[in-house]
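> just need the structure, nothing else, for what follows:
(4 chains)
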There are 2 protein chains.
Amino acid sequence: MEEKLKRVTLLDTSNIENLKNMLGKALNDGRTLLIVGACSADYIGRARSELTIGDRILIIKSDRSVLLHRPRSYKPVNWQPSGSIVNISSKEGRLVIKCIRERPRETLIVKFSEIYTAAILNLEDEGVFSLYASEEDMRKAILKNPDIVEEGLKPVSFERPVTSGFIDIEAIDKNGNIVVIEIKRRTADIDTALQLARYVKDLEKIKGVGKVRGIVVAPRATTEFKRLARSLGIEFKPLSPKRCLEILYGTEEKREITLDEFIS
Amino acid sequence: MEEKLKRVTLLDTSNIENLKNMLGKALNDGRTLLIVGACSADYIGRARSELTIGDRILIIKSDRSVLLHRPRSYKPVNWQPSGSIVNISSKEGRLVIKCIRERPRETLIVKFSEIYTAAILNLEDEGVFSLYASEEDMRKAILKNPDIVEEGLKPVSFERPVTSGFIDIEAIDKNGNIVVIEIKRRTADIDTALQLARYVKDLEKIKGVGKVRGIVVAPRATTEFKRLARSLGIEFKPLSPKRCLEILYGTEEKREITLDEFIS
DNA sequence: GCCTAGGTCCCGTAA
DNA sequence: TTACGGGGCCTAGGC
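Predicted coordinates for the structure are as follows:
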């Protein structure tokens, strides 16, 4: 009977040459690497950065995304998105990791002066990730039940491309006016108003109609939005992502109780 | 002589109760936690997400930022920014980590069904991080040498607040016209043009002047930007962040050679 | 390849 | 606190 591959293999960090070889081979085998140690880092590409020595966590994932994490803050201090070329070498007894990205050409070099822990991770993750209450969910909810925006509204199209972008939803109101709906899952701000104003203008040009209505649908709006919207003749309809979920999947009562129990 | 604290302490993962206590104590002591194992995760807050079981890396930093990483992709699949409340408990022999954030109220719960490795990290990172070629660097370079934008330009102010935001640089051209400069370190797009148009309008209102010039300074611009800029009467001046660095810190030749050697 | 737009964006800063 | 804009933003999707 075949033994299950070890999920975590801790490496001997005393021999850098050996370590380098082990890490390089593991990377080629599609493993994820984890190194904790003291390092410095230099990045050059769209910008340039320098990071002097300190203790950090380096993760090199199986898709060649690279993350260098300090002990604080959500964001990695240096990184490379997936698909970069990773080269692991040693220089003067120190582990050097070079991560190169093409288009845009960017290079990240991490030099370890000391390694506390190095591990090869053989992670199996076929888990399903589901995200609800995105802008797309809001769009679906409005298409399913347009009355939540305005009574008598009839959607005509969605994601319609116009000169300056994409119209979330195009509709006809009960009086026969053309309506452009812009959806935001977060607070509507100045940019939202300007974006919608563009679409309205584009559609007026295409349709050759005097007036196209513009409605922003969002949970809330900033004061500046409201001011600008008024001067641009844009309307605002408050609608929360949560409410949209209820419309899409029915009342959320049952699920919430379950989650409350789960949390408690 | 006092012995140096261990940087990495690997924990016994066989006893969940004990593990829970160790991790909780370490977190209170300002340590960073690292857990590799099979888990599921549920998030509820601005949106909602579910993640079914799989192997992942969980990092809880000393500032209480939380990162759950799958073996692929740059971004964590679930997370919590710094300052969240972290609670480590056990339920039915499984490690459960609950991360709550106030404002906005958000909850992330990670349940481990198996733990491959758990470690307490005592990381010391006083390293200095320097980032060059930001938009701010471009502004400094233009203020230092306005001729790179246009010969004879005289800056008057920077980050001047107007109704709809902040003007990067306000200047007077050689013919006495007022000029508003909007700087982008990346490709100028439609939003850039609209943003500058707003500032130009604001300043025209404030000054009571017929015409204020608007110039976008960026490494490049999209086709749509150019079209829109033309119709809005906005000008474009190509300027790269790299060139700005040269102006600020002298020619970069020496540094580049050094870096090339460093890379090779 | 370019370009637009979303994101649980995060984060800093100023009113 | 709210609001605005930057970011090495990253990433997906259309053309």
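> mind checking how far the closest residue to residue A:81 other than its chain neighbours is from DNA strand D?
Spatially, and ignoring its direct neighbours in sequence, residue A:81 is nearest to residue B:74 (4.7 Å; Cβ to Cβ, 6 or more residues apart in numbering or on different chains). Any C-beta I mention is one placed from the backbone N, CA and C, and that applies to glycine too. According to Cβ to the nearest atom of the strand, to the nearest Å, residue B:74 and DNA strand D sit 3 Å apart.
> list the contacts for residue B:74?
If a contact means Cβ atoms under 8 Å, 6 or more residues apart in numbering or on different chains, then residue B:74 has A:65, A:67, A:79, A:81, A:82 as its contacts.
> that one looks like it's in a helix, true?
No: Residue B:74 is assigned coil when assessed by DSSP: H, G, I helix; E, B strand; the rest coil, not a helix.
> what number of residues lie near residue A:129?
Residue A:129: 14 surrounding residues under other Cβ atoms under 10 Å in any protein chain shown.
> who does it bridge with?
Going by DSSP bridges, residue A:129 is paired in beta bridges with residue B:51.
> residues in contact with it?
B:49, B:50, B:51, B:52, B:77.
> buried subset of the contacts of residue B:74, written for ChimeraX?
Provided next is the ChimeraX selection string for whichever of the contacts of residue B:74 are buried by 16 or more other Cβ atoms under 10 Å in any protein chain shown:
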select /A:65,67,79,81
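> how much space between residue A:32 and DNA strand D?
For residue A:32 relative to DNA strand D (Cβ to the nearest atom of the strand), the value is 15 Å.
> quick one, helices of chain A?
Taking DSSP state H as the criterion, chain A contains helices spanning A:16-28, A:135-144, A:190-207, A:223-232, A:241-249, A:253-263.
> of all the ones you listed, which lies closest to residue B:158?
Residue B:158 lies closest, by Cβ to Cβ, to one member of the helices of chain A: helix A:190-207, at 21.1 Å.
> other SSEs contacting that closest one?
If you count contacts as 3 or more Cβ pairs under 8 Å, 6 or more residues apart in numbering or on different chains; DSSP states H and E, helix A:190-207 packs onto strand A:154-162, strand A:165-172, strand A:178-183, strand A:213-218, helix A:223-232, strand A:234-238, helix B:190-207.
> how far does that helix sit from the chain's center?
26 Å (Cα atoms, centre = their mean, to the nearest Å).
> quick check: angle from that helix to strand A:154-162?
Between the axes of helix A:190-207 and strand A:154-162, defined by axes from the mean of the first three to the mean of the last three Cα atoms, to 10 degrees, the angle is 100 degrees.
> hmm, helix A:190-207 in reach of DNA strand C?
Yes: with Cβ under 7 Å from any atom of the strand as the criterion, DNA strand C is reached by helix A:190-207 at residue A:195.
> give the buried residues for that helix.
A:190, A:192-204.
> before we move on, back to that, ok, so of the contacts of residue B:74, who is nearest residue B:248?
residue A:79 (25.0 Å).
> pick out the residue of chain A closest to DNA strand C.
Relative to DNA strand C, the nearest point of chain A is residue A:165 (1.9 Å; Cβ to the nearest atom of the strand).
> enumerate every residue touching that residue.
A:195, A:198, A:199, B:190.
> let's see it at 10 Å
A:182, A:195, A:198, A:199, A:202, B:190, B:224 (Cβ atoms under 10 Å, 6 or more residues apart in numbering or on different chains).
> looking at it, residue A:122 is touching residue B:117, isn't it?
No: here residue A:122 does not reach residue B:117: they are 11.8 Å apart, not a contact under Cβ atoms under 10 Å.
> now do the shared contacts for these two.
A:7, A:8, A:9.
> what parts of the stretch 101-250 of chain A come near DNA strand D?
Close to DNA strand D, as judged by Cβ under 7 Å from any atom of the strand, the stretch 101-250 of chain A has residues A:101, A:106, A:108, A:161, A:187, A:189-191, A:220, A:222-225.
> could you identify the buried members of those residues?
A:101, A:106, A:108, A:189, A:190, A:225.
> farthest-apart pair in those residues, please.
A:108 and A:225 (39.1 Å).
> quickly list what the residue of chain A closest to DNA strand C is bridged to.
Per DSSP bridges, the residues bridged to residue A:165 are residue A:162.
> need the pLDDT of it.
Looking at residue A:165, its pLDDT stands at 82.
> same deal with residue A:97?
98.
> thinking again about what came up before, would CSV of the helices of chain A with distance to residue A:96 and mean pLDDT be doable?
Conversion of the helices of chain A to CSV gives the following (distance: least, Cβ to Cβ, whole Å; pLDDT from 0 to 100):
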stretch, distance to residue A:96, mean pLDDT
helix A:16-28, 9, 97
helix A:135-144, 43, 92
helix A:190-207, 43, 90
helix A:223-232, 50, 92
helix A:241-249, 46, 90
helix A:253-263, 45, 47
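> got a markdown table for those helices, with distance to residue B:144 too?
Below are the helices of chain A laid out as a markdown table (distance: least, Cβ to Cβ, whole Å):
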| stretch | distance to residue B:144 |
| --- | --- |
| helix A:16-28 | 44 |
| helix A:135-144 | 42 |
| helix A:190-207 | 31 |
| helix A:223-232 | 33 |
| helix A:241-249 | 46 |
| helix A:253-263 | 55 |
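> isn't residue A:207 right up against residue A:172?
No: using Cβ under 10 Å as the test, residue A:207 is too far from residue A:172 to be in contact (11.4 Å).
> where do the contact lists of these two overlap?
What both residue A:207 and residue A:172 touch, as defined by Cβ under 10 Å, 6+ apart, is the set residue A:178.
> tell me the contacts of the closest residue to residue A:18 other than its chain neighbours?
Leaving aside its sequence neighbours, residue A:18 sits nearest to residue A:12 (Cβ to Cβ, 6+ apart; 6.8 Å). Taking Cβ under 10 Å, 6+ apart as the criterion, residue A:12 is in contact with A:18, A:19, A:22, A:118.
> neighbours of residue A:230, how many?
12.
> same check on residue A:112?
Neighbours around residue A:112, by other Cβ under 10 Å: 25.
> so what's it up against?
A:13, A:16, A:19, A:35-41, A:53, A:56, A:58, A:90, A:94-97, A:118.
> before we move on, what about residue A:240?
Applying Cβ under 10 Å, 6+ apart, the residues near residue A:240 are A:133, A:138, A:185, A:218, A:219, A:220, A:246.
> near chain B too, which of these?
Restricting the contacts of residue A:240 to those near chain B by Cβ under 10 Å from any Cβ of the partner chain leaves A:133, A:185, A:219.
> for the residues you listed, which one is nearest chain B?
Closest approach to chain B among these (Cβ to the nearest Cβ): residue A:133, at 4.2 Å.
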